[in-house]
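1. Coordinates for the following, if possible.
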Amino acid sequence: MGYYLRFTNTTKQSCYLWGSPGVSFVAGDKGTQVGPAAVRQPKAKGHKVTIPAGGYAISTLVITSNGPLQPCNLVQVRGLRIYPPDDYGAAFVAMSQQVCSNPKQSQLQVDTVH
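-> Next up, the predicted model:
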C-alpha cells in the first residue's frame, strides 16, 4: 500500500530537502522501533528540492506485504516515526496496525523527496 509523506515549510523563507526521509514503525508509549527502518532510495537518485515559504515537497512511502516473513512475530504498532532527509528531529504519524517484527526484512520502502 502506498502513501504520500508531505513535508511543509512552515517558515517565512525558502528551504530545501534532498534525499529520502527516515521512516520506521514504532510501538508503545516510548515509541520503540519495530523492525528495521524503511529501505531508502539513494540520495543520488533524487535532486535538491527548494520549498518556498508555505510550500511542500512529497515522498512516496510503500508498506510492503510480500507474504509471511520467517519468523514473523506480529506486533501492534502505534504509527510511524518520520525524519526529514538530513534532519534529526522526527515527527510521529498515527497509523495503528499489526506488523512483523522480523529484524532482517524491512516492510517499508521510501522514495526521495520531489
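2. Using the three-state scheme, assign the residue nearest the centre of the chain.
-> Nearest to the mean C-alpha position of the chain, counting by CA atoms, centre = their mean, stands Val23 at 2.6 Å. Here Val23 is recorded as strand under DSSP: H, G, I helix; E, B strand; the rest coil.
3. Give me the phi and psi angles of the residue nearest to it when sequence neighbours are not counted.
-> Ranked by CB to CB, 6 or more residues apart in numbering and with sequence neighbours excluded, the top spatial neighbour of Val23 is Ala38, at 4.0 Å. Glycine gets a C-beta too; all of them are placed from N, C-alpha and C. Dihedral pair for Ala38: phi -60, psi 150, per degrees, to the nearest 10.
4. again with Ala44
-> phi -60, psi -20.
5. how near is it to Gln105?
-> Using CB to CB, to the nearest Å, Ala44 is found at 24 Å from Gln105.
6. quick one: which of those two has more around it?
-> Gln105 (14 against 9; other CB atoms under 10 Å).
7. For that one, give me the pLDDT.
-> In this model, Gln105 is scored at 85, pLDDT.
8. pLDDT weak spots in this protein?
-> 65-70 (pLDDT under 70).
9. Count the residues that sit near the spatially closest residue to Lys45 that is not a sequence neighbour.
-> Computed as CB to CB, 6+ apart, the closest residue to Lys45 that is not its neighbour in sequence is Thr112, at 5.8 Å. Residues near Thr112, counting by other CB under 10 Å, number 22.
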